[in-house]
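Asks: Have a look; sequence and predicted model below, questions after that.
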Amino acid sequence: MEPINHTNKTQKIVVEKSIKFNPYDPKFQANPYPIYHNLRSVEPIHQSFPGMWVLTRYIDAKAVLRDPRFCVTKISKNIKDKSTYLEQQDFNTLAQALDKWLIFLNPPEHTRLRGLISKAFTATTINFLRPQIQKITDELINKVRYKESMDIMSDFACPLPCSVIAAILGIPIEHWFKLYQWSDTLSHILDPLRSLKDYEQMNTVALEFTDYFKSLISQRQKSPQQDLLSALITVKEQDKKLSEQEIISVCMLLFFAGEETTVNLISNGMLALLRHPQQMEQLKTQPILIQSAVEEMLRYDSPIQIITRIATENVDIDGITIPFGEKVLVILGAANRDPAQFPDPDHFDIRRANNSHLAFVDGIHYCLGAVLARIEAEIAINTLVQQFSDIKLSKDELEWCNKVGSRRLKALPITFKSTNIK
């Protein structure tokens, strides 16, 4: 294949100074965007240390995500390797579950599984869920309506996607909180600095999750319902169906994705509105703007900031060779603030046109749940804005979680006045 080449040889970017990219720096976690801009302008293809490359330009990020010469990492092997440090326990259950997550699979297995899952998880099916998502949203808001204060994270953004996934899978409502606790534990699976104790907890959750869904799958096989779990059990292509382990892995991934992506989208989106009150007022008076507003929220403060790819051969990107086997960090948060793609990228504009961001990745690993995440965010954010007035942050200094790949607040406390009591 041809090299990925974007710049004229006479326009080569000259490295002016050494840059140290450290995603664990508290300053970076509080506001990574100035660092992204510096990297992009000085060293857009940055080697942070041997075997690790950092890409911050939109055009490079999009090219790598679509290039079959870059594959996703097989995280299950890394999980199994951690078991060697334990005397009595292993992480095989957790590794087995992650082994079938679409985000960690390459073709041809990825192609087969995604094709089967897509048959049950269609955009038409998801759109039919709008009334159910609205009902869950209203129930969460009614719990805090008369308090006139809430933490958007713990009271709203965190429980909403988990409840929605549980509902569409057909899980009894009395079990929703248990699933919420499990998904919260699993949300740390991509954090590279987690302790062995943390992995033990995640493995325990994987065991409980597997046992629970084995029982539920058995029930649905005997008595199918109008829910996504039944659809996953019955879907097939050329006499090939999803195995029990594959179905369990899909369900686990849905809860993880909801916890890691949708939660951050709702909370980061509301923070952007709170810090741009004129934009919030526009949305309040013109709720039809919610779709373009959500797209801008995805671009402006992307829920997932960094994803990883591995070069399967030597690949030339704009005159720089990424050697076989080396890791590339595709910085989605930086790509989505690239001025070469987005005019005035640091400006939050809910009317922004041509907003072709990469928040849901691109290529064959484009997020399968993107439609659901968008609908949840549209309903959740519009309901908050329309039913509450005088929404304000309770404090100016906010804390961010110590996560490398995603951008997540610890809390988002607000005050408000209720304007539309249901």
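Replies: Now that the structure is in, tell me what you want to look at.

Asks: Just the C-alphas of the helix or strand harbouring Val330, formatted as PDB.
Replies: Using DSSP states H and E, Val330 sits within strand 327-331. This file holds the C-alpha atoms of strand 327-331, laid out as PDB (Å, rounded to 0.1, in the frame of the first residue of the first chain):
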ATOM      1  CA  LYS A 327       1.900   1.000  19.100                       C
ATOM      2  CA  VAL A 328       0.100   4.100  17.900                       C
ATOM      3  CA  LEU A 329      -2.000   6.300  20.200                       C
ATOM      4  CA  VAL A 330      -4.700   7.900  18.100                       C
ATOM      5  CA  ILE A 331      -5.700  11.000  20.000                       C
END
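
Asks: other SSEs contacting that strand?
Replies: On a contact count with 3 or more Cβ pairs under 8 Å, 6 or more residues apart in numbering; DSSP states H and E, strand 327-331 meets strand 52-55, helix 58-66, strand 306-311. From N, CA and C alone the C-beta is placed, and that goes for glycine too.

Asks: who's in contact with that strand?
Replies: 36, 39, 48, 51-56, 61, 64-65, 70, 73, 305-311, 322 (Cβ atoms under 8 Å, 6 or more residues apart in numbering).

Asks: of those residues, buried ones?
Replies: For these, a neighbour count by 16 or more other Cβ atoms under 10 Å gives the buried set as 36, 39, 48, 53-56, 61, 64-65, 70, 305-311, 322.

Asks: all helices of the stretch 201-350 of the chain, in order?
Replies: 228-234, 244-257, 263-274, 277-285, 290-300, 332-335 (DSSP state H, counting those that start in this stretch).

Asks: Identify each buried residue in the second one, please.
Replies: What that stands for is helix 244-257. Buried residues in helix 244-257, counted by 16+ other Cβ under 10 Å: 246-257.

Asks: contact partners of that helix?
Replies: For helix 244-257, contacts defined as Cβ under 8 Å, 6+ apart pick out 96-103, 113, 117, 162, 165, 169, 179, 182-183, 186-187, 189, 206, 209-210, 213-214, 217, 229, 232-233, 242, 367, 369, 373.

Asks: could you redo the last one with a cut-off of 7 Å?
Replies: Here helix 244-257 makes contact (Cβ atoms under 7 Å, 6 or more residues apart in numbering) with 96-97, 100-102, 113, 117, 162, 165, 169, 179, 182-183, 186-187, 189, 209-210, 213-214, 217, 232-233, 369.

Asks: Is there a quick PyMOL command that grabs whichever of those are buried?
Replies: Buried residues among these (16+ other Cβ under 10 Å), as a PyMOL selection:
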select buried, resi 96+97+100+101+102+113+117+162+165+169+179+182+183+186+187+189+209+210+213+217+232+233+369
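
Asks: Around the residue lying closest to Lys410 once chain neighbours are set aside, count how many other residues there are.
Replies: In this structure, Lys410 finds its nearest non-sequential neighbour in Glu399, 4.4 Å apart by Cβ to Cβ, 6 or more residues apart in numbering. Counted with other Cβ atoms under 10 Å, the neighbours of Glu399 add up to 12.

Asks: what stretches of the stretch 51-200 of the chain score poorly on pLDDT?
Replies: Low-confidence segments of the stretch 51-200 of the chain, defined by pLDDT under 70: 82-89, 193.

Asks: at 80 what do you get?
Replies: Confidence mapping of the stretch 51-200 of the chain against pLDDT under 80 gives the ranges 74-90, 190-194.

Asks: Helices along that one, start to end?
Replies: 58-66, 75-82, 92-98, 109-120, 123-127, 130-144, 159-169, 176-186, 196-222.

Asks: which helices and strands does the third one pack with?
Replies: Counting contacts by 3 or more Cβ pairs under 7 Å, 6 or more residues apart in numbering; DSSP states H and E, the secondary-structure elements packed against helix 92-98 are helix 75-82, helix 196-222, helix 244-257.
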